[in-house]
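1. Have a look at this fold, sequence not included:
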């Protein structure tokens, strides 16, 4: 890049992002206006002076980070007054945040999230209401709701979120974005407040697979880890397994139509599609019986730091957390053993396929009014993440792509690969992305 062409490019990008962030302030818990402006100006000056090692990979890219990621000198709240009440300023940036900065990204702000990352609906209560940017009467999905909104409205070119049961994949799909959940071990969770050590992943949202890949490769510890035979290839000849059980049950007609259209498009371009039955999928609800081991984990974590304070936790969140307090050690071991067995079963059943293919979410974004009461909230909270949590339970990488729009609302399709297949999955996704009618929505 020449200095003449980029003299104010970074400042212009950041100014535009900050303007959008200000207009959509509900998506943020912190906006780093002064720091972002200063960093962009310094980058403009540095770029104008040239140099063989300049610019770095993500130079000047406005990004956001989720409210559960440490920033040096600030307490980390994870969307929770109970956590904030006992939080001390972080000594260092989270590893992923440090890597973002090292790659030249400009962090515009911290994004709002569902309390303790416990809701797939998003922020829809009281003064915390954060609507879907495509339809203000509908939910954005969670728990990384602010991250998705920040990208959708132009306040960031990419966002880091966390995904325990689809919390990157789901809001990305509901907001018409690309959302990449890597294999859990690929991006360090050092400095990220936990929900589950077994299910958590740090993931990326953006408006394209290419942008997701750029950010992922900048922050990953093992970005090149993939099977040696996973070579880039066109859509023609790609082998997709389409599970017929569990993930296709009770689809909204609009989602079913969009998914069928996706299958037709891929088939027309030479992809090999095969219907399969995966018994492991039908056992996934059993992993979550009685709240599942993740609720025992968050209960213990809150208790250990003195943050288990019911008066500072919303009733909806606490009703789930307290399940973890009564889960026995034997039940926890049973759930973890079952999860391990399901991982092995799915690995054996899908070893001959390049990726699994499924709808990211079985329904369109629900109306906020539909989740206003507790019964509706519980129903939709579980239904929204039914498909997206598959990748977490089965320890896989997954990416959601905008497949189509129905009644102005986005429908996402998920490509899912084996653990460690991240780079190959991104390559496949980039090829598929170009074929889908939802591209560039």
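-> Received it, and whenever you're ready, just let me know what you need. Please read these numbers as outputs of a predicted model, since none were measured by experiment.

2. Report pLDDT for the residue lying closest to residue 187 once chain neighbours are set aside.
-> Excluding its sequence neighbours, the residue lying closest to residue 187 (C-beta to C-beta, 6 or more residues apart in numbering) is residue 202, at 4.1 Å. Glycine gets a C-beta too; all of them are placed from N, C-alpha and C. Residue 202 is assigned 99 on the pLDDT scale.

3. Over to residue 54?
-> On the pLDDT scale, residue 54 is placed at 68.

4. Quick check: next helix or strand after whichever strand or helix holds residue 211?
-> Using DSSP states H and E, residue 211 maps to helix 209-219. Next helix or strand after helix 209-219 toward the C-terminus (DSSP H and E): strand 239-243.

5. That next one packs against which elements?
-> With contacts defined as 3 or more C-beta pairs under 8 Å, 6 or more residues apart in numbering; DSSP states H and E, the packing partners of strand 239-243 are strand 272-276, strand 355-359.

6. what's next to that strand, contact-wise?
-> The contact list for strand 239-243 (C-beta atoms under 8 Å, 6 or more residues apart in numbering) reads 263, 266, 271-278, 281, 350, 352-358, 415.

7. winner for burial among the helices and strands packed on strand 239-243?
-> Mean neighbour count (mean count of other C-beta atoms under 10 Å) peaks for strand 355-359 among those, with a mean of 26.

8. from memory residue 108 sits against residue 151, does it?
-> No: if you go by C-beta atoms under 8 Å, residue 108 and residue 151 don't touch, sitting 10.7 Å apart.

9. what do those two both touch?
-> Shared contacts of residue 108 and residue 151, counting by C-beta under 8 Å, 6+ apart, come down to residue 64.

10. Neighbour count for these two, which is higher?
-> Using other C-beta atoms under 10 Å, the more surrounded residue of residue 108 and residue 151 is residue 151, with 33 against 28.

11. so which strand or helix has that one?
-> Secondary structure from DSSP H and E places residue 151 in helix 145-152.

12. Run through the neighbouring helices and strands of whichever helix in the chain runs longest.
-> The longest helix of the chain (DSSP state H) is helix 329-349. Helix 329-349 sits against helix 279-282, helix 284-287, helix 292-304, helix 390-393, with contacts defined as 3+ C-beta pairs under 8 Å, 6+ apart.

13. my guess is residue 316 contacts residue 116, does it?
-> No: counting by C-beta under 8 Å, residue 316 does not reach residue 116; the two are 10.8 Å apart.

14. These two: which is more packed in?
-> Set residue 316 next to residue 116 and count neighbours by other C-beta under 10 Å: residue 116 wins out with 27 against 17.
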